[in-house]
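> pasting a predicted model and its sequence here:
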Amino acid sequence: FKGALRNIAFGLIGIGIVLLLVGAFMGGSSNEPSESSHSLIEQPKEENLFIRVQNVHQAETHDQEGHSAGAHTEEKPGEGDHGEKEEHHGEGEHEGDGHGEDHGKEGALFNEGDHGESHHGGAHGGEHGEGHHEGGHHAPVHEITMGTRVLANVLLSGMYFFLIGCGALFFLAIHTVANGGWQTAIRRVPEAMTQYLAIGGIVFLVMLFFLPQLYDWAFIEKNNLWDEDPLVATKKGYLNTIFFATRTVLFIGFWVLVATLLRRWSIAQDSNPANALGFFRKENTLSAVFIIIFAITFCLFSFDWLKSLEPHFFSTIYGVKMFGRAMVSAMVVMYFITAYLRRQGHLKHVTNSHMHDIGGYAFGFTIFWSYVWLAQYLLIWYSNIPEEGMYYVKRYRMDDPNGTYLGYAFFFYGNIIINFLIPFLGLIAP
């Protein structure tokens, strides 16, 4: 950018940095200092969101058992106060007997918290009560601090821009394998976008030193608290710092290498026309191998850096959803960059037909992302399993005066409007 656009860009960057610092310090000053940066579930429930969610779930479970016991006592006329005592006794005890099927039918998914590893819907019945006492809910968690907020925002921003580079790299690879001719007119744009992967990868490499501040599983590993969370302990073969860091370095290194080689061989075809066919064949072979490896590594990368923030959450379609988001973002950025370069007098060989094709990709992947998002939501809603449902419940529920749930209903439903409805109506127009 030059002139006024450069000044505006740097101005916005400066404003963003200032707002980030102000928000971080204001958020940090609003929290009372604690003796430890981490807390366990046995500590007061006001200290951590995950603790409050679990305690609310246990309280609701007790209430349901009490209601069930009360219903049985009401069927015995003439017992009077004795029936009330039995009802109260049912609320105080937690035996897990006789509430399995009814509990599953009453909507455990969108009304309760995580059951740990011992309960999957209503079918497990009596095992649910035992799970509470066997440590299934005694999950070590760290409280939200100013540093956690800063790291979370760095992760969010870093992932967003990194996904744009990943989407551009997949765009190049798939069109190289398909021998697409139209994309040669705009090929330099996605090639330039992929070069950000090397810069964006530095963010993740630095974040490796702060994993215990963001991820519960990393904190559990650091303090050897695997016995406190049996569910996460079953995943420690995958969720451990050494294997996590190894995967990150290998994935990012491979993607950066492929992006560099594809760009180098593409430029070589223009600078050395005599050997252009040989360079194209190299591109074609590398792209074919990359697509297969990328499908696996990208899903694992999404699981590692985003889904493992909530290690109790289960979703096998999460990586596919992130792929759809990466492609939508990449195509939109590609469109804006191409349009800007055309207005500046560059890319004179790019026509409105090329711009329409880019917009068509953006529209198609918008529908694809919306379909995957809805598929994940409906399957989780229908199966009614607390381990999966709590991911949604604590984001859009607003009816808890104690702040158990995040209360992100505005963003939850706004996400559908911004990422589906508006693009759908805007891009479908002639």
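Received it, and whenever you're ready, just let me know what you need.
> what is the strand or helix carrying residue 212 packed up against?
Residue 212 is part of helix 211-214 when elements are defined by DSSP states H and E. For helix 211-214, the packing partners by 3 or more CB pairs under 8 Å, 6 or more residues apart in numbering; DSSP states H and E come out as helix 146-177, helix 216-222. Glycine gets a C-beta too; all of them are placed from N, C-alpha and C.
> looking at these, which is nearest to residue 278?
Closest to residue 278 of those, according to CB to CB: helix 146-177, at 14.2 Å.
> buried residues in the closest one?
Of all the residues in helix 146-177, those buried under the rule 16 or more other CB atoms under 10 Å are 146, 148-151, 154-155, 158-159, 161-177.
> now do the strands in the chain.
With strands called from DSSP state E, the chain shows them at 38-39, 141-142.
> weakest of these by average pLDDT?
Mean pLDDT is lowest for strand 38-39 among the strands of the chain, at a mean of 39.
> ok, now which ones touch the closest residue to residue 333 other than its chain neighbours?
Of all residues not flanking residue 333 in the chain, residue 164 sits nearest, at 5.4 Å (CB to CB, 6 or more residues apart in numbering). Listed by CB atoms under 8 Å, 6 or more residues apart in numbering, the contact set of residue 164 reads 193, 196, 326, 329-330, 333.
> ok, now how distant is residue 164 from residue 189?
Between residue 164 and residue 189 the computed distance is 12 Å (CB to CB, to the nearest Å).
> now do residue 388, the pLDDT please.
Predicted confidence (pLDDT) for residue 388: 81.
> ok, it to residue 420 distance?
From residue 388 across to residue 420, the span is 22 Å (CB to CB).
> more crowded one of the two?
With neighbours defined as other CB atoms under 10 Å, residue 388 and residue 420 compare such that residue 388 has more, 21 against 17.
> so who does the nearest residue to that one once chain neighbours are set aside touch?
In space, and not counting its chain neighbours, residue 388 is closest to residue 380: 4.5 Å by CB to CB, 6+ apart. Counting by CB under 8 Å, 6+ apart, residue 380 touches 109, 315, 388-389, 391-392.
> show the buried residues in the residues you listed.
Buried among the contacts of residue 380 by 16+ other CB under 10 Å: 109, 315, 388-389, 391-392.
> mind picking the two most distant members of these?
Spatial extent of the buried ones among the contacts of residue 380 (CB to CB) is set by the pair 109 and 315 at 13.5 Å.
> take the contacts of residue 380 and write them to CSV, including distance to residue 240.
Compiled in CSV, those are given as follows (distance: CB to CB, whole Å):
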residue, distance to residue 240
109, 30
315, 21
388, 24
389, 27
391, 23
392, 28
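> picking up where we left off before, what is in contact with residue 109 and residue 315 at once?
Listed as contacting both residue 109 and residue 315 by CB under 8 Å, 6+ apart are 380, 388.
> pLDDT at the nearest residue to residue 248 once chain neighbours are set aside, what is it?
Nearest residue to residue 248 in three dimensions, chain neighbours excluded: residue 204, at 5.7 Å (CB to CB, 6+ apart). Note for residue 204: predicted pLDDT of 96.
> contacts only, for residue 204.
Residues in contact with residue 204 (CB under 8 Å, 6+ apart) are 158, 162, 248, 252, 305.
> quick one, what contacts the second one?
Spelled out, that is residue 162. Applying CB under 8 Å, 6+ apart to residue 162 gives the contacts 196-197, 200-201, 203-204.
> which parts of stretch 280-299 are buried?
Under 16+ other CB under 10 Å, the buried positions of stretch 280-299 are 280, 283, 286-287, 290, 294, 297-299.
> any idea which of these is closest to residue 428?
Among these, and counting by CB to CB, the member closest to residue 428 is residue 298, at 28.1 Å.
> on that earlier part again, ok, which pair from the contacts of residue 162 is furthest apart?
The span of these, defined through CB to CB, is set by 196 and 204 at 12.7 Å.
> and for residue 336, the neighbour number?
Number of residues near residue 336 (other CB under 10 Å) recorded here: 12.
> hmm, back to that, now intersect the contacts of residue 380 with the helices, please.
Among the contacts of residue 380, the ones falling in helices (DSSP state H) are 388-389, 391-392.
> and residue 294, how far from residue 425?
Distance, residue 294 to residue 425, by CB to CB: 32 Å.
> same check on residue 164?
From residue 164 over to residue 425 the distance is 23 Å, taken as CB to CB.
> before we move on, what about residue 370?
Residue 370 is 12 Å from residue 425, where distance means CB to CB.
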